[in-house]
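K.L.:
A structural model of the following input is requested.
(2 chains)
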Amino acid sequence: MTAMTGNTTGAVEQRTGSGPAQLEIRGVTKAFPGCLANDNISFRIEPGEIHALLGENGAGKSTLVKMIYGVMQADAGELLWEGKTVTIASPHDAREMGIGLVFQHFSLFETMTVLENIALAMNDVRDMAVLRQQVIEVEKTYGLPLDPDRHVYTLSVGERQRIEIVRCLLQNPKLLILDEPTSVLTPQEVDKLFETLRRLANEGCAILYISHKLHEVKALCEHATVLRGGKVVATCDPRAETAKSMAEMMIGQKLLAPDRGVRPAPGDVRLAVKNLSLVSDQQFGTDLKNISFEVRGGQILGVAGVAGNGQNELFQALAGETEIHGTPDCITLDKQPVADFGPRRRRRLGAAFVPEERNGHGAVPDMNLAENGFLTAFRRMALSARGLIREVPTRSFADSIIKTFDVRTTGHGAEAGSLSGGNLQKFIVGREIMQDPGVLVISQPTWGVDAGAASAIHQALLDLAAKGTAVLVISQDLDEIYAICDQVVVMAAGKMSAARNMADASIDEIGLLMGGLHDLGANPAPELNGGQNDPA
Amino acid sequence: MDWIVPLILTVITASTPLLLSATGELITEKSGVLNLGVEGMMLIGAITGFAVTVSTGSATLGIIAAAIAGMAIALIFAFLTLTLMANQVATGLALTIFGVGFSALVGSGFVGFAIEPLPSLHIPFISDIPVIGPILFGQDFLVYLSIFMVIASGWFLTRTRAGLILKAVGDSHDSAHAIGYNVIRIRYMATLFGGAMSGLAGAYLSLVYTPMWAENMTAGRGWIALALVVFATWRPGRLLAGAYMFGCISVLQLHAQSAGINVPSQFMSMLPYLATVIVLVIISSDVTKIRLNAPACIGKAFRPAQ
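P.N.:
Okay, here's the model as predicted:
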């Protein structure tokens, strides 16, 4: 096999396997109104190969996957399955052929049991008792423990993903597609997933692995096809590349690592939380237990942890979406007790908030960018007068966000919902940063955001902190925390660990804290494999 | 004790239309469609059933026609909300207003007609057993159908693959679509089923309950049926209990008036609706029940991605 490292000419790598490829894609083209999502894409996946599909958001990865899985049909080009041209008319057909897909946003039903969820994705109607037996067997064989009778809403994200994998494995797939499978897993869970995937590949199953976590692609995959703007722009052997070089193939330009610059000496405490306990009002929420931390001006504090361990509740308590009465001084902004204030009063004191959910929480999808800008900034940017919206400043505020943060859109009149995830996130982050906040609380700043936009957002957060703002970043992405934070705390089961300086925190230790294996005290975790510090 | 059998019989009569239409709406809502047009569909069913029975002399034909008419109206609703993606709440309200007006228009020629009420079951000896006989074995076909349908719905939702798929579509239409189910088609079928059941409920009112046609004769029962679905937290077993509880309340109200209890009759007729509101408040305070059983996608339009 020859691997054409960093080939950026658009030519398709030709490998000479012993037989026909498991799947070969030839000249697949798909156009949507106003955009060519896939433009003459060709590549092949051999049986037993772990093949990475790389690309930024909007590069055409999901469109391609949807065509392979039969959700939509190509305008031109053909798919060859084991050497024969095939038409995959529906997901049902795809499963029939032996294609399994683990969705990025899980296609699970919360109020149903594991077994029911699996049954729903089976082509053939199987007897429930038989199916249960098969599920248990697959779980045993591949080391994926799951209780078939648990309801999905009670499961962690990692366990939910296991359901998706088990339901693919039950159909004896010949090609397994995983779409961003690790974005929600702890490092230990990722290792386990990779073990399973390698084992499957050894058994001859081809794997198409879609991810933007390049060091994972490097660790797992043998070949990679890089898409940009709907075209294949490069193929490479990830083992021979660096994460940086692959990122540059994806974005087509030099990637600037976040410039941490000279970090300012920590200033006064601007955001302090003392003994915050909160019973979640959500049915499946997590109660916060005695949380204390502080963030000083100029400092970025990262809150690591697997989703669902109290981060949402913490964000809501900090943002004032949950007001806490009785103990107003458990949250202080610039020494002023604010725990019983709502979001608007806290904003007035100089705090800004960026929630995790862009559409519907951070922005109103059906409103345009100018209106969305107005919604949080009208006071600090003086966008309203005597109860009326001042049109001109409102529009120019949106324009200046668009310009400063390089939001790719048709203008301030574009509906927020029409922007891609990364662009909308840049707009929302920009909207808060342009208000020059004293404290910024931001949740999952680059979730589902492409590498280019992510690095722009990281840089903006670093620059903001450099100006003396206290920044709290809640993130599941450890790479992100390592890239920008000065200190890190870990949340597990509603409790928070003591803060550690980034330099003293090994990724294994953080991973174990995320898994909740240890008491979240300040005692150092035992040494593990020498404590590798740099994830990349 | 002579009064107890007639009392129970009137309770059954009052409960059956609620049970029929609420069962239909429960299935519709489980698929993620909120059809607020129950009242309208019942009225159309009532006038269609009555008109066909008067014209043909056959109550059986009347009942069939009522179910078909209910489905036809539901089809309009489904086309507007599922194909054209109109807002379900607004469309449902419009459907009710349309049903009130349209049934009054068609029914204006049928006011004052009398028909033979639907015959009741009569099994020699068994139906003559005191108390149990008339209650269990002396009802008309629609009463048995209503009980059968609610039990069948419970069985369908919990025991069959089709029921699981229906719930899946209501729980997360995006997931169901991604796995490869035809969300729109499943919702069409659930909506049509709801329409047929509401049509039957209407026919029960005009062919059994009164039996005659009067403008706006459903008198808010469609809305109670809608409330019942929430009251039952989308579970057929509770729906059965709820329908009969509401049936009891509305009958007691009548009996209290005839027993000369000194309360304004308007207040008494208000009771079933007041009870609905109170029960809804109590039920809604238990978030668990709502979360676990409510279809998460209810009322949301499904737009398949490309």
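K.L.:
just the mean pLDDT for the helix or strand containing residue A:302, thanks.
P.N.:
In this assignment (DSSP states H and E), residue A:302 forms part of strand A:300-304. Mean pLDDT, computed over strand A:300-304, is 94.
K.L.:
each with direction, which strands does it pair with?
P.N.:
Looking at strand A:300-304 with DSSP bridges, its partner strands are strand A:470-474 (parallel), strand A:487-492 (parallel).
K.L.:
which of these has the lowest average pLDDT?
P.N.:
Among these, strand A:487-492 scores lowest, at a mean of 92.
K.L.:
for the helix or strand just after that one, what is the distance to the chain centroid?
P.N.:
Remark: after strand A:487-492, the chain's next helix or strand is strand A:495-496, criterion DSSP H and E. Mean-position distance between strand A:495-496 and its chain equals 22 Å (CA atoms, centre = their mean, to the nearest Å).
K.L.:
now do stretch B:182-197
P.N.:
That offset, for stretch B:182-197, works out to 15 Å (CA atoms, centre = their mean).
K.L.:
ok, stretch A:475-487 next?
P.N.:
On CA atoms, centre = their mean, the centre of stretch A:475-487 falls 13 Å from the chain's centre.
K.L.:
contacts for it?
P.N.:
A:183-184, A:187, A:213, A:215, A:257-258, A:260, A:263, A:266, A:299-307, A:443-447, A:454, A:458, A:461-462, A:473, A:488, A:499-502, A:507, A:510-511, A:534-536 (CB atoms under 8 Å, 6 or more residues apart in numbering or on different chains). Glycine gets a C-beta too; all of them are placed from N, C-alpha and C.
K.L.:
three-state assignment of residue A:208?
P.N.:
Recorded secondary structure, residue A:208: strand (DSSP: H, G, I helix; E, B strand; the rest coil).
K.L.:
could you measure from it over to chain B?
P.N.:
17 Å (CB to the nearest CB, to the nearest Å).
K.L.:
if we ignore the residues flanking it in sequence, what's nearest that residue?
P.N.:
Among residues not flanking residue A:208 along the chain, residue A:177 sits closest, at 4.5 Å (CB to CB, 6 or more residues apart in numbering or on different chains).
K.L.:
looking at this, that neighbour is in a strand?
P.N.:
Yes - judged by three-state DSSP, residue A:177 forms part of a strand.
K.L.:
which of the contacts of stretch A:475-487 fall within strands?
P.N.:
Those of these mapping onto strands are A:300, A:301, A:302, A:303, A:304, A:443, A:473, A:488, A:500, A:501, per DSSP state E.
K.L.:
out of the residues you listed, which two sit at the greatest distance?
P.N.:
The span of the ones in strands among the contacts of stretch A:475-487, defined through CB to CB, is set by A:443 and A:501 at 22.3 Å.
K.L.:
the more surrounded of these two?
P.N.:
residue A:443 (25 against 10; other CB atoms under 10 Å in any protein chain shown).
K.L.:
can you list the weak-confidence ranges in the stretch 151-300 of chain B?
P.N.:
Applying pLDDT under 70 to the stretch 151-300 of chain B flags residues B:287-289.
K.L.:
can you give me the helices for it?
P.N.:
Along the stretch 151-300 of chain B, counting by DSSP state H, counting those that start in this stretch, helices occupy B:161-171, B:173-179, B:183-204, B:221-231, B:236-258, B:265-285, B:287-293.
K.L.:
pick the most deeply packed of these.
P.N.:
Among those, helix B:183-204 has the highest mean neighbour count (mean count of other CB atoms under 10 Å in any protein chain shown), at a mean of 27.
K.L.:
show me the shaky parts of chain A.
P.N.:
The low-confidence ranges in chain A, as defined by pLDDT under 70, are A:1-18, A:104-106, A:125, A:183-184, A:255-257, A:282-284, A:448, A:517-536.
K.L.:
how close does the residue of it positioned farthest from its centre get to chain B?
P.N.:
When distances are taken from the C-alpha mean of chain A, residue A:386 lies farthest, 41.4 Å away, according to CA atoms, centre = their mean. As for residue A:386, its distance to chain B is 34 Å (criterion: CB to the nearest CB).
K.L.:
need the contact list for that residue.
P.N.:
Taking CB under 8 Å, 6+ apart, one finds nothing in contact with residue A:386.
K.L.:
give me phi/psi at it?
P.N.:
phi 50, psi 40 (degrees, to the nearest 10).
K.L.:
re the thing from before, mark which of the contacts of stretch A:475-487 are buried, thanks.
P.N.:
A:183-184, A:187, A:213, A:215, A:258, A:266, A:299-307, A:443-447, A:454, A:458, A:461-462, A:473, A:488, A:499-500, A:502, A:507, A:510-511, A:535 (16 or more other CB atoms under 10 Å in any protein chain shown).
K.L.:
tell me the contacts of residue A:118?
P.N.:
A:131, A:135, A:148, A:163, A:166, A:167, A:170.
K.L.:
so how far is residue A:197 from the second one?
P.N.:
So the one you mean is residue A:135. Plainly put, residue A:135 is 19 Å away from residue A:197 if you go by CB to CB, to the nearest Å.
K.L.:
the first one now?
P.N.:
Distance, residue A:131 to residue A:197, using CB to CB: 24 Å.
K.L.:
residues touching the residue in chain B that chain A sits nearest to, list them.
P.N.:
The minimum distance from chain B to chain A, using CB to the nearest CB, falls at residue B:180 (3.2 Å). Counting by CB under 8 Å, 6+ apart, residue B:180 makes contact with A:70, A:71, A:90, A:91, A:92, A:95.
K.L.:
now with 7 Å?
P.N.:
Residues counted as contacts of residue B:180 (CB atoms under 7 Å, 6 or more residues apart in numbering or on different chains) are A:90, A:91, A:92.
K.L.:
could you report the separation of the last one from chain B?
P.N.:
What that stands for is residue A:92. Distance from residue A:92 to chain B, by CB to the nearest CB: 5 Å.
K.L.:
just to revisit the earlier point, in CSV, list the strands paired with strand A:300-304 along with distance to residue B:20.
P.N.:
What follows is those, written out as CSV (distance: least, CB to CB, whole Å):
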stretch, distance to residue B:20
strand A:470-474, 51
strand A:487-492, 51
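K.L.:
most tightly surrounded among these?
P.N.:
The most buried one of the strands paired with strand A:300-304 (mean count of other CB under 10 Å) is strand A:470-474, showing a mean of 27.
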